[in-house]
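J.: make a model of this:
(4 chains)
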2 protein chains.
Amino acid sequence: MSPKIGVAPVRREQIVRATIRCLARDGYSGLTMKKVAREARVSQGILHYYFTDKRAILVAALDAVTADLDRRVAAAQARGGRDPRRRLRALIGACLALAAAEREFWIVFVEFWGEMMHDRRLRAINAALYDRTRRLIGAVVARGIRDGRFRRVDALQAAAVVLGLVDGVSLQLTFDPGAFGVAEATRFCEDAVLRYLAKEAR
Amino acid sequence: MSPKIGVAPVRREQIVRATIRCLARDGYSGLTMKKVAREARVSQGILHYYFTDKRAILVAALDAVTADLDRRVAAAQARGGRDPRRRLRALIGACLALAAAEREFWIVFVEFWGEMMHDRRLRAINAALYDRTRRLIGAVVARGIRDGRFRRVDALQAAAVVLGLVDGVSLQLTFDPGAFGVAEATRFCEDAVLRYLAKEAR
DNA sequence: GGTAGATAATTGGTCGACCGATCAATAAAA
DNA sequence: TTTTATTGATCGGTCGACCAATTATCTACC
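T.: From the prediction side, this is the model:
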């Protein structure tokens, strides 16, 4: 009554991963159903069996990248231990390293930004990711404030600063690699954030 | 011997502006020669008379947006007067306001980021813009250091911090308008930058 | 426990639409 | 009359979507 049960989620994942690889290789404007099917080693027709249309595949792809991304961010921050300062530094270092080394995620993510301007579904996925990330960073900052290591500041605003700085510097690292390296960027980002949060010793 | 002289640059500008409007309205993936021609109120054929192909039009469009952008940034910063701190604040405020109010430039700019991943000509244009902007901000910071208002810091690194922060926070403003407003963002960006550059009063 | 029937899974070809590019023909200015 | 500027139709190619046909897998019955 139900043959090949449980294959559907596997195929969907397979297609989504292929889509991400295609996006990283050829970009958003170069993405075609044909390429995705080839990359996933399935026929073209099957794409429409698991997804209503191309846009649905793109949405699923952004969903997947997004999930990966905040899993990694959370892991990196947790690796920093208990000290809020070390947690922030671990988080900053991980994000910058990710943008530089694990290009695939970062590339795809930037690709989507342009499309988000005109697609509210994509925008919503992104907004949710940033909301979660700001809360995560905000919690670390709040912890630092409670511990008396950081000055009193709106934790979510501070999170927006950290997140924005990391994104913006990652962009510069990506598009203008000659300007400065990852190590240098990591150093001055950490410096900027920690000074921003440091208690004023006036 | 040379009829209609001087029309060429006008047409080129007309086409480029139409392209920018189309990009802002329909996005990069929705851009077609037909739409550009319609928007510029010319025939399709003429586009290939003034530009070799679609990519050339895109390059010209990014060039134009880029030129607009750093003209505006330079103007805003100069409006801040002599005080380096006021200059930086003027610059930050102008950038954030631009991303929020004058959507057209910002939208097109973000659209291009995705394509830069796969097109080195676009990447080069962007790199040049960021290089100029970092030098501009770096000069302001260096001035502040000489005047004894800022702590000793690598001026170009500080410029990368300012630029990155502004870009990153602009992204959050754009894609997640519910998180915080322009005024709030301006406040904590200025705060972060000025604390980052403040002399330590230990 | 093997077979028949039902249904999910998958294929590859096909369709109309639209894309960017080309070009012969024409209009207009010098 | 010469040269530039401009048009609109047209070309081959490719895209996303659709679908009839086939295969593979599970269930129910004998």
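
J.: low-confidence ranges, chain A, go.
T.: Applying pLDDT under 70 to chain A flags the ranges A:1-6, A:201-202.

J.: can you pull the buried residues of the lengthiest helix in it?
T.: In chain A, assigned by DSSP state H, the helix with the most residues is helix A:120-146. Neighbour-count burial for helix A:120-146, counted by 16 or more other Cβ atoms under 10 Å in any protein chain shown, picks out A:122-123, A:125-127, A:129-130, A:133-134, A:136-145. In this view, the C-beta of every residue, glycine as well, is placed from N, C-alpha and C.

J.: for it, packing partners?
T.: Counting contacts by 3 or more Cβ pairs under 8 Å, 6 or more residues apart in numbering or on different chains; DSSP states H and E, helix A:120-146 is packed against helix A:54-78, helix A:84-100, helix A:103-116, helix A:155-175, helix B:155-175.

J.: from A:Val140, how far off is the residue in chain A that DNA strand C sits nearest to?
T.: In chain A, no residue comes nearer to DNA strand C than A:Gly45, which is 1.9 Å away by Cβ to the nearest atom of the strand. As for A:Gly45, its distance to A:Val140 is 48 Å (criterion: Cβ to Cβ, to the nearest Å).

J.: so what touches the helix or strand A:Gly45 falls within?
T.: According to DSSP states H and E, A:Gly45 maps onto helix A:44-50. For helix A:44-50, contacts defined as Cβ atoms under 8 Å, 6 or more residues apart in numbering or on different chains pick out A:8, A:11-12, A:15, A:33-34, A:36-37, A:57.

J.: PyMOL command for the buried members of these?
T.: A single PyMOL command selects the buried members of the contacts of helix A:44-50 (16+ other Cβ under 10 Å):
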select buried, chain A and resi 11+15+33+36+37+57
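
J.: farthest pair within the contacts of helix A:44-50?
T.: A:Ala8 and A:Lys34 (22.2 Å; Cβ to Cβ).

J.: chain neighbours aside, what residue packs nearest to A:Leu91?
T.: A:Gln77 (4.3 Å; Cβ to Cβ, 6 or more residues apart in numbering or on different chains).

J.: got the buried residues for stretch A:149-168?
T.: By neighbour count on 16+ other Cβ under 10 Å, the buried set for stretch A:149-168 is A:149-150, A:153-168.

J.: reformat the helices and strands packed on helix A:120-146 as CSV; add distance to B:Ala192.
T.: Shown next, in CSV, are the helices and strands packed on helix A:120-146 (distance: least, Cβ to Cβ, whole Å):
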stretch, distance to B:Ala192
helix A:54-78, 20
helix A:84-100, 13
helix A:103-116, 22
helix A:155-175, 5
helix B:155-175, 6
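
J.: now the residue nearest the centre of chain A: closest residue in space, sequence neighbours ignored.
T.: Compute the mean C-alpha point of chain A, and by Cα atoms, centre = their mean the closest residue is A:Leu69, 3.9 Å away. In this structure, A:Leu69 finds its nearest non-sequential neighbour in A:Phe105, 6.1 Å apart by Cβ to Cβ, 6+ apart.

J.: A:Asp68 now?
T.: Per Cβ to Cβ, 6+ apart, closest to A:Asp68 is A:Phe105, 6.1 Å.

J.: so who does A:Val110 touch?
T.: By Cβ under 8 Å, 6+ apart, the contact set of A:Val110 is A:171, A:174, B:113-114, B:117.

J.: and if you look at A:Thr186?
T.: When the contact criterion is Cβ under 8 Å, 6+ apart, the partners of A:Thr186 are A:92-93, A:96-97.

J.: what's the closest of the residues you listed to A:Arg195?
T.: Nearest to A:Arg195 out of the contacts of A:Thr186 is A:Ile92 (Cβ to Cβ; 13.0 Å).

J.: can I assume the closest one is in contact with A:Asp191?
T.: No - A:Ile92 lies out of contact with A:Asp191 (Cβ atoms under 8 Å); the separation is 10.0 Å.

J.: more neighbours: which of these two?
T.: Neighbours per residue (other Cβ atoms under 10 Å in any protein chain shown) separate A:Ile92 from A:Asp191, with A:Ile92 holding more: 27 against 16.

J.: and DNA strand D, which of the buried residues of stretch A:149-168 reach it?
T.: When Cβ under 7 Å from any atom of the strand is applied, no member of those is adjacent to DNA strand D.

J.: just the residues you listed that are near chain B?
T.: A:154, A:156-158, A:160-161, A:163-168 (Cβ under 8 Å from any Cβ of the partner chain).

J.: quick one: which of the contacts of A:Thr186 is most hemmed in?
T.: A:Ile92 (27 neighbours).

J.: show the contacting residues for it.
T.: A:162, A:165-166, A:186, A:189-190, A:193.

J.: re earlier: was I right about the residue nearest to A:Leu91 contacting A:Arg135?
T.: No - A:Gln77 lies out of contact with A:Arg135 (Cβ under 8 Å); the separation is 11.8 Å.

J.: how far away is the residue nearest to A:Asp68 from DNA strand D?
T.: The gap separating A:Phe105 from DNA strand D is 22 Å, by Cβ to the nearest atom of the strand, to the nearest Å.

J.: could you do A:Ser170 as well?
T.: For A:Ser170, the distance to DNA strand D - Cβ to the nearest atom of the strand - is 28 Å.

J.: same question for A:Ala61.
T.: Noted for A:Ala61: a distance of 13 Å to DNA strand D, by Cβ to the nearest atom of the strand.

J.: how about A:Phe180?
T.: With distances taken as Cβ to the nearest atom of the strand, A:Phe180 is found 37 Å from DNA strand D.

J.: how many other residues sit next to that residue?
T.: Neighbours of A:Phe180 under the rule other Cβ under 10 Å: 19.

J.: contacting residues around it?
T.: A:172-173, B:156-157, B:160.

J.: cool, A:Leu163 as well?
T.: Residues near A:Leu163 by Cβ under 8 Å, 6+ apart: A:130, A:133-134, A:137, B:168, B:172.

J.: how about the residues you listed in CSV, adding distance to DNA strand C?
T.: What follows is the contacts of A:Leu163, written out as CSV (distance: Cβ to the nearest atom of the strand, whole Å):
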residue, distance to DNA strand C
A:Tyr130, 32
A:Thr133, 34
A:Arg134, 38
A:Ile137, 40
B:Gly168, 31
B:Gln172, 31
